[in-house]
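>>> build me a model:
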Amino acid sequence: MINMNDYLIKLARNDDEKRLIARLDELVQKAVHGIYGHGDFLDLRQQELAQAVAVNELAIAWQLNGGYEEAERKRLVVYPEWEVEPNARLAYLRIRHKEFKEQSIGHRDYLGAVLNLGIKREKLGDIVVQNGAAFLIADIELADFICQQLTRVKHCNVEVEMIPDEAFVFEPPELTELQLSLASLRLDAIIAAAFNLSRSDVSALIEGGKVRINQMEIYKCSAPVKAGDLISVRGLGRFRLDEVGGITRKGRYRVLVSRG
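As a prediction, this is how the structure comes out:
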């Protein structure tokens with residue numbers, strides 16, 4: 001009979017995921033013994049692994065918390081089942097330009113500037129760019145350091161301040177819904193349809209390591225896709241497969257995707 005550790009290890013696709021599962025399991029076992037704790041921020045694939053680890057331990061309570069409901073990057077928070085819901089130890093930081101400049105500053109610019117401070121990506125949650133500012137969710141232990149040390153993003157001087165969590169209100173970006181018809185539920189087929197590309201162009205993108213499903217790099221054109229998958233293509237953008245509908249008389253799949 002397979003035990004739980006064997007089951008979890010089989011979920012891992014590589015050594016990095018095996019190490020992550022081991023760290024998460026250690027966190028959960030501490031909660032079993034009455035010790036509250038939280039892990040690093042996780043991408044969508046890593047969150048799937050975290051849920052698999054946490055859900056099988058009935059003696060604890062747990063949550064995935066990224067600071068707001070729609071967050072993509074979240075951390076696993078675990079605590080004894082008899083405790084009230086704990087603080088996830090998150091800081092909300094607002095990054096604003098000190099002067100206006102006619103240039104585009106996007107998510108990648110803000111992220112690069114923070115990482116250049118020597119901070120690891122797993123200590124950072126989402127970065128949301130809206131209303132002429134960027135909002136960064138991070139581990140609270142890094143808040144003062146980021147506020148003091150982050151002074152420039154791209155070629156702009158910036159100021160950073162910690163704000164109350166209620167001062168951050170996420171404004172979802174406007175999305176375009178696309179009704180697509182696919183010959184198969186393969187990664188190359190849906191990317192070709194979503195971005196109006198040839199299959200050969202899509203193959204080059206996938207094999208070149210520029211495509212991710214739920215934040216995990218995928219190198220196989222034939223990789224299957226399913227409803228709920230977030231598909232990112234470097235240089236083109238990303239979209240979510242919202243719905244897989246029925247099959248047409250010609251045997252094609254009707255799908256609905258949303259693209260920013």
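>>> from now on I want contacts and neighbour counts done on CA atoms only, so please keep to that.
Noted.
>>> longest helix in the protein, by number of residues?
helix 15-32 (DSSP state H).
>>> next structured bit after that helix?
strand 37-42 (DSSP states H and E).
>>> mind listing residues that contact that following strand?
24, 27, 30-31, 66, 73-79, 88, 122-125 (Cα atoms under 8 Å, 6 or more residues apart in numbering).
>>> same check, this time on stretch 118-129
Under the criterion Cα under 8 Å, 6+ apart, residues 40-42, 66, 71-74, 106-107, 110-111, 115, 134-139, 170 lie in contact with stretch 118-129.
>>> buried set for that stretch?
For stretch 118-129, the neighbour count (16 or more other Cα atoms under 10 Å) marks 122-129 as buried.
>>> stretch 23-30 too?
In stretch 23-30, counting by 16+ other Cα under 10 Å, buried: 24-25, 27-30.
>>> turn the residues you listed into CSV, including distance to residue 231 and pLDDT.
Below are these laid out as CSV (distance: Cα to Cα, whole Å; pLDDT from 0 to 100):
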residue, distance to residue 231, pLDDT
24, 26, 94
25, 28, 91
27, 30, 94
28, 30, 93
29, 33, 92
30, 35, 92
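>>> closest one to residue 203 out of those residues, please.
residue 24 (35.0 Å; Cα to Cα).
>>> just the helices in the stretch 1-150 of the chain please.
4-11, 15-32, 44-54, 107-115, 143-149 (DSSP state H, counting those that start in this stretch).
>>> quick check: mean pLDDT of the first one?
Throughout helix 4-11, pLDDT has a mean value of 71.
>>> could you give the angle of that helix to helix 44-54?
170 degrees (axes from the mean of the first three to the mean of the last three Cα atoms, to 10 degrees).
>>> okay, buried residues for helix 4-11 please.
Neighbour-count burial for helix 4-11 [16+ other Cα under 10 Å]: 8-9.
>>> C-terminal to the helix or strand residue 212 falls within, what's the next element?
In the assignment (DSSP H and E), residue 212 maps to strand 211-213. Sequence-wise, the next helix or strand downstream of strand 211-213 (DSSP H and E) is strand 216-217.
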